[in-house]
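J.: Sequence first, then the predicted structure, then my questions.
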There are 2 protein chains.
Amino acid sequence: MANRAAKDALFDGFAEVAKALANGRRAELIDVLAQGERHVDDLATEIGQSVANTSFHLRALASVGLVHTRRDGTRIYYRLASDRVAALWAGLRSVAETHLEVLDDLAHAYLGDRSGLEQISRDELARRIDAGDVLVIDVRPTAEYTAGHIAGARSIPIDGLARRLRTLPTDVEIVAYCRGPYCVYADDAVRLLRRRGRQARRLTDGFPEWRTERRPIEHGVPA
Amino acid sequence: MANRAAKDALFDGFAEVAKALANGRRAELIDVLAQGERHVDDLATEIGQSVANTSFHLRALASVGLVHTRRDGTRIYYRLASDRVAALWAGLRSVAETHLEVLDDLAHAYLGDRSGLEQISRDELARRIDAGDVLVIDVRPTAEYTAGHIAGARSIPIDGLARRLRTLPTDVEIVAYCRGPYCVYADDAVRLLRRRGRQARRLTDGFPEWRTERRPIEHGVPA
DNA sequence: CGCCTCCTCAAGAGAACACTTGAACAGTCG
DNA sequence: CGACTGTTCAAGTGTTCTCTTGAGGAGGCG
């Protein structure tokens, strides 16, 4: 090998990027940021860590260019650097799902039993939206809805779903969606709705996948 | 958060896969294995490490399911678990290329000046192969050619190119390819050929990308 | 201008990682 | 069956990583 040191350094560079994803808390951050930008305090609560530690992890992500920041008043908002990062995160999940044996157990421990949980694909949901015979609810936290949501979806964060049940029409099927296939919010929503006798399914994956396919989205605060 | 411990464990699971890629030597192993299966001794030479250390890294990759093994005689061959792993590796490179600032410098230090190096896309190469007015040479080590190569390509490992120059026709353009965009073999081949007055270009990327697109490939030892 | 909020930095403890060396193991082939 | 080859394992050392605590900015708002 003519130039071993330079080759090693180059591949160490690629490894730096992998290293940024090689921590569960940073992976959670990426997963949340794939929904849209958020500020540090918020992210700390989201991943259940101290603000200092969250800031530290965000710096680790920023130092290899995976996230960018902007300031708004006293707050600093972080966002993914590009769709490529979201795609890399999706690829990582896909590989883990396919090849990492323990992942099934881990997923089952977190998600619980999904056998009675009916799902709907992005394609079918798009058709149903066009037909107009479906109510799409976004059960993620409000901040994520504001940062971007499926066009026409209504924001009903999972915490407020039970209370707001009576405001939902009874004559159409309800489709709930959240962050992605490993997010429990939509699961919880569908289970709750079905217990109350509603016709409900969850979108198989979540908002980032919808956006990545360039399907119609909207931004802005809930009505 | 209802179930913080289970969620953390799940994301630690995803992070395990990233951790497997989070080392320069393991990244080199993935890059080589994306060409096709290889045995441990061979891989150790390829990445410039001891056999023991290489075996250790391969175990790290195997423990998260990224690589599989098979035995043939006294040798054990490692291969990527699936195309998804190759795709993840490609995604990682793409993100690093786009977002990691130092990568340009690292790449330049290893690859040298590419300004005078003419490239050809996969699409165009496919058309030229159909037209039959091009000679495609595979300048990777023989083991990689044997494990799989572009249909119709001739195996001329870079070490033997100068010696075998006279066996190449002078009336067609030559296209050299190797492992991918960060591989120097094809660069060296094109530079050598052009110094000798031949018309030569390199394929922009390499064999794995060609295979991923399901373009025609062949297996087997050089003629 | 000074206080306040939000975020980052620095130091430190405990755990995990990378690579080396030398020994042990597992098949295979004569 | 015994020797050999190719591979893995185990122990050890120096380095890097994670998270905590408490102090130190940066910028806005009263």
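T.: Great, that's in hand.

J.: any idea what sits nearest the residue nearest to the spatial centre of chain A, other than its immediate chain neighbours?
T.: Nearest to the mean C-alpha position of chain A, counting by Cα atoms, centre = their mean, stands residue A:179 at 2.8 Å. Closest residue to residue A:179 apart from its sequence neighbours, by Cβ to Cβ, 6 or more residues apart in numbering or on different chains: residue A:206 at 4.6 Å. Just so you know, the C-beta spots here come from the backbone N, C-alpha and C atoms, and that holds for glycine as well.

J.: What residues does the one you found make contact with?
T.: Taking Cβ atoms under 8 Å, 6 or more residues apart in numbering or on different chains, we find residue A:206 in contact with A:35, A:177-181, A:183, A:186.

J.: Enumerate the residues of chain A near DNA strand D.
T.: A:19, A:22-26, A:49-50, A:52-53, A:56-57, A:60, A:71, A:73-74 (Cβ under 7 Å from any atom of the strand).

J.: cutoff 10 Å now
T.: Residues of chain A lying near DNA strand D by Cβ under 10 Å from any atom of the strand: A:15-16, A:19-26, A:44, A:47-57, A:60, A:71-76.

J.: Just the ones in helices from the residues you listed, please.
T.: If you go by DSSP state H, those have A:15-16, A:19-21, A:24-26, A:44, A:47, A:51-57, A:60 in helices.

J.: near chain B too, which of the residues you listed?
T.: Counting by Cβ under 8 Å from any Cβ of the partner chain, A:15-16, A:19, A:21, A:24-26 from these sit close to chain B.

J.: Need those in TSV (columns: pLDDT and neighbour count).
T.: Conversion of those to TSV gives the following (pLDDT from 0 to 100; neighbours: other Cβ atoms under 10 Å in any protein chain shown):
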residue	pLDDT	neighbour count
A:15	95	22
A:16	94	21
A:19	95	19
A:21	95	28
A:24	93	20
A:25	94	20
A:26	95	24
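
J.: tell me which of the residues you listed is nearest to residue B:149?
T.: residue A:15 (27.8 Å; Cβ to Cβ).

J.: you'd agree that closest one is up against residue B:18?
T.: No - in this structure residue A:15 lies outside contact range of residue B:18 using Cβ atoms under 8 Å: 10.1 Å.

J.: on that earlier part again, pull out the buried members of the contacts of residue A:206.
T.: Those of the contacts of residue A:206 that meet the buried threshold are A:35, A:177-181, A:183, A:186, by 16 or more other Cβ atoms under 10 Å in any protein chain shown.

J.: for the residues you listed, which one is nearest DNA strand C?
T.: For these, the closest approach to DNA strand C (Cβ to the nearest atom of the strand) belongs to residue A:35, at 16.5 Å.

J.: Quick check: pLDDT value at the nearest residue to residue A:189 once chain neighbours are set aside.
T.: Among residues not flanking residue A:189 along the chain, residue A:176 sits closest, at 4.0 Å (Cβ to Cβ, 6+ apart). Residue A:176 is assigned a predicted lDDT (pLDDT) of 98.

J.: so what does the strand or helix carrying residue A:176 touch, helix or strand wise?
T.: Element membership for residue A:176, per DSSP states H and E: strand A:173-178. If contacts are counted by 3 or more Cβ pairs under 8 Å, 6 or more residues apart in numbering or on different chains; DSSP states H and E, strand A:173-178 sits against helix A:122-131, strand A:134-138, helix A:185-195, strand A:200-206, helix A:207-212.
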